[in-house]
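Colleague: Below: sequence and its predicted model.
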Number of protein chains: 2
Amino acid sequence: MIKIAVDAMGGDYGLNTTVKAAMDAVKKFDDIEIVLYGDEVKINELLTCKERITIHPTEDVLDMGEEDPIRAVRSKRNTASLCVAMQDAKNKLVDAVVTSGPTQCVVVGAHILIRRLPEVERIALCPIIPSIDGRAKLLLDVGANVELRPEHIDLLATFATIVAKEVLGYENPRVGLLNIGSEPGKGRPVDKETFEVLSANKNINFYGNVEGNDVITTPIEIIINDGFTTNVCMKAIEGTAKAMGVMLKEEIKRNIWGKIGYIFMRKNLARFKKRMDSSEVGGAMILGIPVPVIKAHGNSDSFAFYNAIRQAREMVKKDVINHVRKAIEKEAE
Amino acid sequence: MIKIAVDAMGGDYGLNTTVKAAMDAVKKFDDIEIVLYGDEVKINELLTCKERITIHPTEDVLDMGEEDPIRAVRSKRNTASLCVAMQDAKNKLVDAVVTSGPTQCVVVGAHILIRRLPEVERIALCPIIPSIDGRAKLLLDVGANVELRPEHIDLLATFATIVAKEVLGYENPRVGLLNIGSEPGKGRPVDKETFEVLSANKNINFYGNVEGNDVITTPIEIIINDGFTTNVCMKAIEGTAKAMGVMLKEEIKRNIWGKIGYIFMRKNLARFKKRMDSSEVGGAMILGIPVPVIKAHGNSDSFAFYNAIRQAREMVKKDVINHVRKAIEKEAE
């Protein structure tokens, strides 16, 4: 039985999404049990089916707008739902953690409460991003480290490769370095060095450089660079997609012709919207720690949160962490 | 009379767009004359009106796919259309240069053939990008320097502020630092330092940090960071906009309902497309050199190229370069 810790209090919609998602997940997968961390009374009000679901009562929460994540995680380490779940993960009482809590608190909690694998040197935040061809891909590090040395990126690329194989099901996933030109020799000194290091990594299938405009369209399965560059890139994609959605809606509503046209192509436009929507794919993973931690989007609905639970199950079931440790060990020999 | 050098040979469509754009520009503005640099015979075939247009014959061109821009600019400094135009700009024979040639060659040419202003320390590539609210904004440096020190960004922010005032007509344009969080104290050590330096710059109206997802939607008029981060961000926006256009088209064409709906909202969708299109706005400017150089998009049509000429005229007419020099001088006192 796979035991998944769910931070019931996180996210913009809190209990309304997490409890339903947990019930849906245990109904779907008979090999999981879920521990809900949070307000016992409120959870009980919403928990209409307790099969393979238990509650771990906690008194506090991490605020979604928390401005000092380090202080928050330290001071609430024994009280906040996410912190208690992470401590239980550290102590091997649960096999994975799923939360839609504040991103930087999740990263800090992974650091302070779970602690990284000794082999990996840096942890990374790695979302699954949508792609024009519908194939999910990994983008990292989107914000756990503002700077990364080539050797850190190297180990994270190995980690992501195994996740792409085991969780996304790609046979031989390619790794692309996010850069400002496609040819070798492009970028900052650190990028040129990273290019060399990744070229020599036998655990990965290094493709070369990938530019910002190709992130959405490239068939390359893993795109990597430091947590500053990649964060800006990911947010630029999100912001543009959102802005274009707003503009499209404005133009359609502008006059009667748009409104009539909309009646005919309503379903087509819904499919268009869905293709850029990441809720189907799952949450961001924290790579580099000994326990799978999935960070669902803060505004996750219960379906998106359910998918994050599914993803956590997959990571435990496929024993991703041990695969990574073995690969790194083998490479080091 | 404002004398504008036009590289007639650059861009994906070459003479077919540049010659027509030049004729349209002199027709529109009676205070400019244009010198077309390129193949005299071919230009003459297309030049149906020679009023205030002369030809400076050149024998060679810079290839759009040029892989070694430094070598290309050096070896063709006296033969390629863009290089000869830039040398004439250096020697004050023309007041501005407009080209849709290969970006890196334009940057290198600005460096080697025109040379930067002694006050500015670094040159920057600064496109005008589209915005959800229709107000043009400046994004820099999108690729002239992979790394920039805070003091370089500081001077470039002053430069961009004057361009935003004089060319875009903003009274008190704000400057935002492209960063991974909106609060002060975010980013890499260099970003934190840049934040402090920009806060102290009296020539600019510093707003604070701007995140990747806000670049398109923020009302902030100038967004700045190094040429690595900003290049990735700009390309991510371009790539996402393009990919979404493709997906929308695919979904509309998928069935008869989409096609019928399209008949009704054809004009609405055309307006939507236009709002993300940068051809109306103009080209990217090279900031930091003593002569306005406008780099139009490689795939510019003649309207986009005409707009780049219009922009060059504006920069000369408003005496942007001298305004910048005075502002920097005053700040240094």
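Modeller: The structure has been received and is ready for your questions. Numbers count the residues shown, from 1 in each chain, chains lettered A, B, ... in the order given.
Colleague: average pLDDT for the helix or strand harbouring A:V26?
Modeller: For A:V26, the element it lies in under DSSP states H and E is helix A:15-28. For helix A:15-28, the mean pLDDT works out to 95.
Colleague: residues of that helix that come out buried?
Modeller: For helix A:15-28, a neighbour-count test (16 or more other CB atoms under 10 Å in any protein chain shown) marks A:15, A:17-26 as buried. (C-beta placed from N, C-alpha, C; glycine too.)
Colleague: Intersect those residues with the contacts of chain B.
Modeller: Contacts with chain B within these, counted by CB under 8 Å from any CB of the partner chain: none were found.
Colleague: Which residues of the stretch 1-150 of chain A lie near chain B?
Modeller: Within the stretch 1-150 of chain A, the positions lying close to chain B (CB under 8 Å from any CB) are A:67, A:132, A:143, A:146-147.
Colleague: Repeat the analysis, applying 6 Å as the threshold.
Modeller: Contact residues, the stretch 1-150 of chain A versus chain B (CB under 6 Å from any CB of the partner chain): A:132, A:146-147.
Colleague: quick one, helices of chain A?
Modeller: Ranges of helices in chain A, per DSSP state H, are A:15-28, A:40-46, A:69-75, A:81-90, A:103-109, A:150-166, A:189-200, A:229-253, A:256-275, A:302-317, A:320-332.
Colleague: Counting by contacts, list what the third one packs against.
Modeller: Looking back up the chat, that one is helix A:69-75. In terms of contacts (3 or more CB pairs under 6 Å, 6 or more residues apart in numbering or on different chains; DSSP states H and E), helix A:69-75 is packed against helix A:103-109.
Colleague: So what's the residue count around A:F29?
Modeller: By other CB atoms under 10 Å in any protein chain shown, 18 other residues sit near A:F29.
Colleague: Next: A:V146.
Modeller: 20.
Colleague: In contact with it, which residues?
Modeller: Contacts for A:V146 (CB atoms under 6 Å, 6 or more residues apart in numbering or on different chains) come out as A:227-228, B:188.
Colleague: For B:A236, see how far away the closest residue to A:R188 other than its chain neighbours is.
Modeller: Residue nearest to A:R188 in three dimensions, not counting chain neighbours: B:V146, with 4.5 Å by CB to CB, 6 or more residues apart in numbering or on different chains. For B:V146, the distance to B:A236 equals 17 Å [CB to CB, to the nearest Å].
Colleague: Same question for A:V6.
Modeller: A:V6 sits 33 Å away from B:A236, going by CB to CB.
Colleague: which other helices and strands contact the helix holding A:V26?
Modeller: With contacts taken as 3+ CB pairs under 6 Å, 6+ apart, helix A:15-28 sits against strand A:32-38, helix A:40-46, helix A:302-317.
Colleague: Redo the ones you listed as JSON lines? Include mean neighbour count.
Modeller: Shown next, in JSON lines, are the helices and strands packed on helix A:15-28 (neighbours: other CB atoms under 10 Å in any protein chain shown):
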{"stretch": "strand A:32-38", "mean neighbour count": "25"}
{"stretch": "helix A:40-46", "mean neighbour count": "14"}
{"stretch": "helix A:302-317", "mean neighbour count": "23"}
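Colleague: would you list the ones you listed in a markdown table and tack on mean pLDDT?
Modeller: Output for the helices and strands packed on helix A:15-28, formatted as a markdown table (pLDDT from 0 to 100):
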| stretch | mean pLDDT |
| --- | --- |
| strand A:32-38 | 97 |
| helix A:40-46 | 96 |
| helix A:302-317 | 94 |
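Colleague: And those: which comes nearest A:T240?
Modeller: A:T240 lies closest, by CB to CB, to one member of the helices and strands packed on helix A:15-28: helix A:302-317, at 20.6 Å.
Colleague: Now do the closest one against helix A:15-28, angle only.
Modeller: Angle of helix A:302-317 versus helix A:15-28, following axes from the mean of the first three to the mean of the last three CA atoms, to 10 degrees, is 50 degrees.
Colleague: Check the offset of helix A:302-317 from the chain's centre.
Modeller: 11 Å (CA atoms, centre = their mean, to the nearest Å).
Colleague: Identify all contacting residues around it.
Modeller: Counting by CB under 6 Å, 6+ apart, A:2, A:4, A:17-18, A:20-21, A:24-25, A:29, A:32, A:95-96, A:98, A:167, A:279, A:282-283, A:292, A:294, A:296 sit against helix A:302-317.
Colleague: In terms of neighbours, single out the busier of A:V6 and B:A236.
Modeller: Set side by side, A:V6 and B:A236 show more neighbours around A:V6, with 32 against 28, by other CB under 10 Å.
Colleague: list the contacts for the more buried one?
Modeller: Contacts of A:V6 (CB under 6 Å, 6+ apart): A:18, A:22, A:34, A:36, A:98.
Colleague: Confirm for me that the third one is in contact with A:A5.
Modeller: No. Contact status for A:I34 versus A:A5: not in contact, 7.9 Å apart, counting by CB atoms under 6 Å.
Colleague: Check what pLDDT A:S100 gets.
Modeller: According to the prediction, A:S100 has pLDDT 94.
Colleague: ok, the residue nearest to it when sequence neighbours are not counted to B:N91 distance?
Modeller: Of all residues not flanking A:S100 in the chain, A:G11 sits nearest, at 3.2 Å (CB to CB, 6+ apart). Going from A:G11 to B:N91 by CB to CB gives 63 Å.
Colleague: And these two? Which one has more around it.
Modeller: Each of A:G11 and B:N91 has its neighbours counted (other CB under 10 Å); A:G11 has more, 24 against 9.
Colleague: The more buried one: what's it in contact with?
Modeller: Contacts were defined as CB under 6 Å, 6+ apart; by that measure A:G11 touches A:100, A:298, A:300.
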